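Novice: Mind folding the following:
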Amino acid sequence: MKPRVLVTDDAAIIRQLIVDTVTEAGWQVVDQATNGQEAVEKYMQHRPDIMTLDLVMPEYDGRHALKHILAADPQAKIVVVSALNQAEILREAISLGAAEFVVKPFDPPVLLETLRRVLQMEPTAPAR
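Specialist: Residues are numbered from 1 along each chain as shown. Here you go, the predicted structure:
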């Protein structure tokens, strides 16, 4: 069965790059979101196997989405894909429960390998 993916980023070009990367690998994109609140709503609607999540977006950011999604589903597999490569932001995303972090701009094979690795990981509860 092919993995089901939710893609979240406010930049259409990044969403399309992620969509192209995973669909070329045979995965199914269940939906796309452009901000953290949409990400929460669409995650709850589709319950994907894995999702990508930008941290910096308008309205509600990725940290908002991480907190709300993991509160509702502690087993959610979320890979942060963000231009922020600062150690503090990375630590915060991981402490909130993100499974992995990929820095933009990214190499599509690196993103795909990260997503595959996360899908094989046993879920863990976020640090409190």
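Novice: contacts and neighbour counts: CA atoms only from here.
Specialist: Noted.
Novice: Using CSV, write down the CA coordinates of the helix or strand harbouring Thr52.
Specialist: According to DSSP states H and E, Thr52 maps onto strand 50-53. As requested, the backbone C-alpha atoms of strand 50-53 are provided in CSV (Å, rounded to 0.1, in the frame of the first residue of the first chain):
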residue,chain,number,x,y,z
ILE,A,50,3.0,11.1,7.2
MET,A,51,3.0,14.8,6.7
THR,A,52,5.4,17.6,5.8
LEU,A,53,5.1,20.8,7.6
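Novice: so what does the very next helix or strand once past that strand touch, helix or strand wise?
Specialist: Sequence order places helix 62-72 as the next helix or strand after strand 50-53, per DSSP H and E. When contacts are defined as 3 or more Cα pairs under 8 Å, 6 or more residues apart in numbering; DSSP states H and E, helix 62-72 packs onto helix 36-46, helix 87-96.
Novice: just checking, Thr8 touches Gln16?
Specialist: No. The pair Thr8 / Gln16 is not scored as a contact, 10.4 Å apart, by Cα atoms under 8 Å.
Novice: Looking at the two now, which is surrounded by more residues?
Specialist: Between Thr8 and Gln16, counting by other Cα atoms under 10 Å, Thr8 is the more crowded of the two (30 against 14).
Novice: residue contacts, the more buried one?
Specialist: Neighbour list for Thr8: Arg15, Gln32, Ala33, Thr34, Asn35, Gly36, Ala39, Met51, Thr52, Leu53, Asp54 [criterion: Cα atoms under 8 Å, 6 or more residues apart in numbering].
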